[in-house]
Structures are given as structure tokens and as C-alpha cells.
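*Asks:* Sharing a model prediction with you, sequence too.
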Amino acid sequence: MMTKAAKQYFDLTGRSALITGATRGIGFGLAAGLAQAGAKIILNGRNPEKLAEATDRLRLQDVSAQTLCFDVRDQPAVQKAINNYESADGPIDILINNAGIQHRQSLEDFASDKFQDVMNTNATALFYLGQAVTRHMKQRGQGKIINIASIMTKMARHHVGAYVTAKAAVGGLTRAMTAEWAAYGINCNAIGPGYISTELTQPLFEDKAFSDWLITQTPAGRWGQVDDLVGAAIFLSSPASDFMHGQVLYVDGGMTVTV
Ligand code: NDP
């Protein structure tokens, strides 16, 4: 028996969502999308000017957002920002761990500092954020954590070895969070986007040979757009996913089932 009206399953009214790396690309698009579902938005970025610009762009869409400026790799800064927000402004109900970087180099020549930086940004930082919000969510007996994974969580390509390693770790971390935090009423899941046209993938988008290959290898026959991810993010942030734990939801035009 349904216990809610259909749209209540996806209603985020009164919920606040912190989205890391939200000054552009997927993070910015998810922030705008969650706002449309009623969420109060907290944008994170590490550059105050870019954060202010992103807030202005959201305002053009009639969305007013708060900001938390910190580098996701800096654990004391992460903890301070989240604890201060929770005591001064209110609860963080939803965390979208989105900030991420890429570095392209053959594995043989991969610079170790670059490898570490990709690991720190794309994997370890998700643990810092998750741990900091969970300490508060646990007391309320509810929360939603969404880690942005990738099709590289279960696949690989040449010259993105650190990214493949880090995104595989995101799948493991999502399961580890679930094993320990589901009992607190916290849903930890991941979204695994396929190739989405953003600044991160600009070099691939502009490479005609790659783009042609991608389109033939993707059953949906096209690049993904940021908007393609909004429905999954609302689902995983909302009561509709209350019994979903530890999963990676691939939104990839079908790529992971055919390549
Ligand atoms: P973009 O490069 O367009 O945006 C990345 C965002 O993360 C920027 O706002 C950037 O801000 C921020 N960021 C990077 N490092 C940090 C940091 N240390 N602290 C805080 N913010 C930081 O990337 P996308 O939007 O394409 O990617 C977003 C996420 O989605 C990433 O995790 C990526 O791996 C994942 N993803 C993307 C896919 C795609 O095809 N685009 C496919 C699968 C997954 P700044 O300007 O300060 O660098």
C-alpha cells in the first residue's frame, strides 16, 4: 500500500543539501535540480570568487543559496565548516560528494604527486565529508549521502589510472559507509555518470575521434548532459530511496552494459 502521495516521495521541501564542487558542471546542475525539488542549497567550492559567481547564476534561476568555502582535501577545514554550519544555521540533511579532478598520463609515467592528489580529492575527501556530516545526521536518525562515482568505478581506460583507482574506491567507500551508517537511518549511495559534457571532459568532447567512438559505444547514442543526472540525485536525496543502501546507480546511456 502506498503511504504517501506520489510527489511526496520526491519532495525535498525543508531539507538542506550541501553539494561539494558546485561552482560549475555536475555539482552546479545538481544544486539547481535539488532546489527545484524544494531543497535549501549550500554550495561548496574552494575559490570565493567562483562561489559568488555560482550563487549569482543560481539567483538568475530564482534559487538563493548559501555557501561554504573550503578545500575538500583539508580535513580540519571540512570539519570546521560543517560543525559551524550545523550550530549556526541548522542541519545538513543531504550531502552530495561531487568535487573531483582528472589527470591524464600513462600509468608508467604517472607523477606520484598527481596520483595522490586525484586520490585525495576523488576518494579520501569523500570520507572526510561523510564522517563530518554523519556525526550530526546520526543524532537526528536520518540523512542522505550521495557519492559521485563514475563508470570508472567498474571499468578502466588508458591514461586515467589514478581516476580509475579513486572511483573504484568510491564504490568501496559507499559500501563501507552503508555497513556502518545505515543503522543510523543514513542512506549512502552513489551515482555513476557516464560521459557528461562538462569542463572536466572538454578535452574528450573536442576530440572528434573519441567523441565518434563514444557515440557508437553508447546505446543511447549521445553524450550525457548534466540535466540527465538530476532525476537520480533527487531520487537518492528523497524519501523515495529510504530503503536503498550501498548502491551505485549508473546513469550512462547504457554504456556499462555494452562496452
Ligand atoms: P568540473 O571540472 O566541471 O567541476 C569540478 C568541480 O569540483 C569544480 O567546481 C571544482 O572547483 C571543484 N573542485 C575540484 N577540486 C576541489 C577541491 N579540492 N575542493 C573543492 N572543490 C573542488 O567536473 P564535473 O562537473 O565534470 O565533475 C564533477 C564530478 O562528477 C567529479 O567527481 C567527476 O569525477 C564526476 N564525474 C564526471 C563525469 C563527466 O563525464 N563529466 C563522469 C563521471 C563522473 P575549482 O574551480 O575550484 O577547481
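*Replies:* Structure's in. What do you need? Numbers count the residues shown, from 1 in each chain.
*Asks:* near the ligand, which residues of the stretch 51-200 of the chain show up?
*Replies:* Taking CB under 6 Å from any ligand atom as the criterion, the stretch 51-200 of the chain approaches the ligand at residues 71-73, 98-101, 121-122, 148, 150, 193, 195-196, 198-200. For every residue, glycine as well, the C-beta is placed using N, CA and C.
*Asks:* hmm, try it at 5 Å
*Replies:* 71-73, 98-100, 121, 148, 150, 193, 195-196, 198-200 (CB under 5 Å from any ligand atom).
*Asks:* Drop anything exposed from those.
*Replies:* For those, a burial check counting by 16 or more other CB atoms under 10 Å picks out 71-73, 98-100, 121, 148, 150, 193, 195-196, 198, 200.
*Asks:* returning to what we had before: tell me the one of the residues of the stretch 51-200 of the chain next to the ligand nearest the ligand?
*Replies:* Gly100 (2.3 Å; CB to the nearest ligand atom).
*Asks:* about what we covered before: narrow the buried ones among the residues of the stretch 51-200 of the chain next to the ligand to those in strands?
*Replies:* Among those, the residues falling in strands (DSSP state E) are Ile148, Pro193.
*Asks:* Max pairwise distance over the buried ones among the residues of the stretch 51-200 of the chain next to the ligand: which two?
*Replies:* Across these, the longest distance by CB to CB is 26.6 Å; it joins Asp71 and Tyr195.
*Asks:* per-residue pLDDT, Lys7?
*Replies:* For Lys7, the model assigns a pLDDT of 85.
*Asks:* From Gly231, how far off is it?
*Replies:* Distance from Lys7 to Gly231, counting by CB to CB, to the nearest Å: 13 Å.
*Asks:* the more surrounded of those two?
*Replies:* Gly231 (13 against 8; other CB atoms under 10 Å).
*Asks:* per-residue confidence for the more buried one?
*Replies:* Value for Gly231, per-residue pLDDT: 98.
*Asks:* close enough to count as contact, Asn83 and Ala132?
*Replies:* Yes. Here Asn83 lies in contact with Ala132, judged by CB atoms under 8 Å, at a distance of 7.3 Å.
*Asks:* between those two, which one's more packed in?
*Replies:* Using other CB under 10 Å as the criterion, Asn83 and Ala132 rank with Ala132 on top: 21 against 13.
*Asks:* pretty sure the more buried one is in a helix, no?
*Replies:* Yes. Assignment of Ala132 by DSSP: H, G, I helix; E, B strand; the rest coil places it within a helix.
*Asks:* Neighbours of the residue nearest to it when sequence neighbours are not counted, how many?
*Replies:* Excluding the flanking residues, the one nearest Ala132 by CB to CB, 6 or more residues apart in numbering is Ile82, at 4.2 Å. Ile82 is flanked by 24 other residues according to other CB under 10 Å.
*Asks:* Could you measure from Trp146 over to the ligand?
*Replies:* Quick fix: residue 146 is Ile, not Trp. Per CB to the nearest ligand atom, to the nearest Å, Ile146 is found 11 Å from the ligand.
*Asks:* Which strands and helices lie in contact with the one helix or strand that residue maps to?
*Replies:* Assessed by DSSP states H and E, Ile146 sits inside strand 143-148. If contacts are counted by 3 or more CB pairs under 8 Å, 6 or more residues apart in numbering; DSSP states H and E, strand 143-148 sits against strand 94-97, helix 125-140, helix 161-181, strand 186-193, helix 230-237.
*Asks:* Can you tell me which of those is packed in deepest?
*Replies:* With neighbours taken as mean count of other CB atoms under 10 Å, the helices and strands packed on strand 143-148 reach their highest mean count in strand 94-97, at a mean of 28.
*Asks:* Dump that strand to CSV, keeping only the CA atoms.
*Replies:* This file holds the C-alpha atoms of strand 94-97, laid out as CSV (Å, rounded to 0.1, in the frame of the first residue of the first chain):
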residue,chain,number,x,y,z
ILE,A,94,21.8,15.7,2.3
LEU,A,95,25.4,15.6,1.3
ILE,A,96,26.4,15.3,-2.4
ASN,A,97,30.1,14.4,-2.5
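*Asks:* Thank you, goodbye.
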